[in-house]
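[1] The sequence isn't on hand, but the structure is:
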């Protein structure tokens with residue numbers, strides 16, 4: 001009574017036989033039919049996870065490589081800090097120059113306002129109208145500004161609609177005359 005002793009010694013091939021292969025094929029086929037899509041999604045998810053982990057490991061500097069850079073890094077760090085300090089100094093100088101120009105412009109504007117006020121006061125003391133004087137000053141400023149700018153000529157355009165057009169009146173709209181419907185089924189009351 002040997003239970004598979006001779007068959008086990010011969011190897012797995014003869015023990016499986018034709019019936020064993022069919023059973024294995026049937027089992028694998030039924031598992032794939034039942035869980036095939038889940039297995040495919042699991043394989044894709046594992047593949048994407050492995051790719052992401054490998055990218056993150058490749059992007060992270062290793063400790064040995066960082067230690068080698070640290071030996072020559074102080075020179076690079078010092079140069080970088082000096083360049084940064086020089087750039088900050090240049091930017092600060094530009095900012096100071098802009099602030100100085102702005103202050104000068106504000107002083108000039110304040111001086112011009114003060115002169116206009118004095119001129120208005122003197123014209124009022126003499127009994128003249130200061131508004132006319134002010135208009136002349138504004139015209140001089142505008143003419144100075146327009147002389148530097150290119151004058152633009154506008155052709156005479158006729159209006160799109162007549163002067164008597166009122167969209168709320170219901171007139172003049174042509175064939176379109178809309179009126180709201182009755183408010184309800186009742187005849188009034």
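    Structure received. Given the structure is predicted, the values throughout are model-derived calculations rather than measurements.
[2] in stretch 83-101, what's buried?
    Going by neighbour count (16 or more other C-beta atoms under 10 Å), nothing in stretch 83-101 comes out as buried. All C-beta atoms are positioned from the backbone trio N, CA, C, and that covers glycine.
[3] pLDDT (mean, whole number) over that stretch?
    Confidence over stretch 83-101, taken as the mean pLDDT, stands at 97.
[4] Please tell me how far residue 89 sits from residue 95.
    Remark: distance between residue 89 and residue 95 (C-beta to C-beta, to the nearest Å) = 11 Å.
[5] again but with residue 33, I slipped
    With distances defined as C-beta to C-beta, the gap from residue 33 to residue 95 amounts to 74 Å.
[6] where does this protein have low pLDDT?
    Under the criterion pLDDT under 70, the flagged ranges of the chain are 1-16, 61-72, 130-155, 159, 161-163, 170-177, 186-189.
[7] all strands in it, in order from the N-terminus.
    Under the criterion DSSP state E, the chain carries no strands.
[8] Just list what the longest helix anywhere in it packs against, helices and strands only.
    Scanning the chain for the longest helix, with DSSP state H as the assignment, gives helix 63-126. Under the contact definition 3 or more C-beta pairs under 8 Å, 6 or more residues apart in numbering; DSSP states H and E, helix 63-126 sits against helix 130-148.
[9] what about residue 120, how many neighbours?
    Summarising burial for residue 120: neighbours were counted as other C-beta atoms under 10 Å, giving 17.
[10] Residue 116 too?
    Number of residues near residue 116 (other C-beta under 10 Å) recorded here: 15.
[11] Would you mind measuring from it to residue 99?
    Here the distance between residue 116 and residue 99 works out to 26 Å (C-beta to C-beta).
[12] With residue 18 instead?
    The spacing between residue 18 and residue 99, counted by C-beta to C-beta, is 96 Å.
[13] just residue 124 next, same as before
    37 Å.
[14] cool, residue 118 as well?
    Look at residue 118 and residue 99: by C-beta to C-beta, they are 29 Å apart.
[15] Repeat that for residue 43.
    65 Å.
[16] now swap in residue 179 and tell me
    Relative to residue 99, residue 179 is positioned 66 Å away (C-beta to C-beta).
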